[in-house]
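> Okay, here's the prediction I keep looking at, along with the sequence it came from:
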Amino acid sequence: MEESFRELIGRIRKGDELAAAELVRRYEPVIRRAVRFRLTDARLRRTCDSMDVCQSVLASFFVRAALGQYDLDTPEQLLRLLTTMARNKLLNQSRQEYAARRDNRLHNNDVAEIEIPAMSPGPSQLAEARELLAEIRRRLSPEELRLLELRNQNHDWNTIAELVGGNAVALRQKMHRTLERLSREFGLEAGEDA
């Protein structure tokens, strides 16, 4: 029997590498399909492909999920989140291409690049997901890990403040700063995700 969606998300938030691999297996093809559907500009396709965007989306998701940023109850919510993140990352890439004014026009002697999508994530993508979760947890301080564990137990910020002491708003802001720090460390673009 397949585990429930909430159990899967809970395991991901706790840094379970097998859960991360399962999420990649289930959702990577959907993300890549959404990107390919929106990746219509031939110039952009020459510098960006669905796998690049998908890996960036998953990296952003795992960092933020590990920090308890997302409260997801259904697979549909996760799909909307991931496809929105993919759209935003693709738009950001397009803006960067335009801003750089790169000349990626096709010439007569160019051979069109054909992307052959994988039907499911390969071993390298699954390993990357596991390694990313482990690295996220490794980079958290003991205090940040404690806050994360309490969030993963579905405590709200007021309850967490009562348990560890302090102000709920200040603790939430601390986790937000942690998210920003990890986003910088992992090279994830700020402000482009959902």
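That came in fine, so what should we check first?

> In stretch 9-28, which residues are buried?
If you call a residue buried by 16 or more other CB atoms under 10 Å, then stretch 9-28 has these buried ones: 9-13, 15-17, 19-24, 26-28. From N, CA and C alone the C-beta is placed, and that goes for glycine too.

> next helix or strand past the helix ranked longest in the chain?
Scanning the chain for the longest helix, with DSSP state H as the assignment, gives helix 75-100. Next in sequence after helix 75-100, counting helices and strands by DSSP states H and E, comes helix 123-138.

> V63 touches E180, doesn't it?
No - counting by CB atoms under 8 Å, V63 stays clear of E180, with 10.3 Å between them.

> So those two - more neighbours on which side?
Ranked by neighbour count (other CB atoms under 10 Å), V63 and E180 place V63 first, with 23 against 12.

> how near is the more buried one to N158?
Distance of V63 to N158, computed by CB to CB, to the nearest Å: 25 Å.

> ditto for D49
For D49, the distance to N158 - CB to CB - is 44 Å.

> now F61
Applying CB to CB to F61 and N158 gives a distance of 26 Å.

> the more surrounded of these two?
Shown here are F61 and N158; by other CB under 10 Å, F61 has more neighbours (27 against 13).
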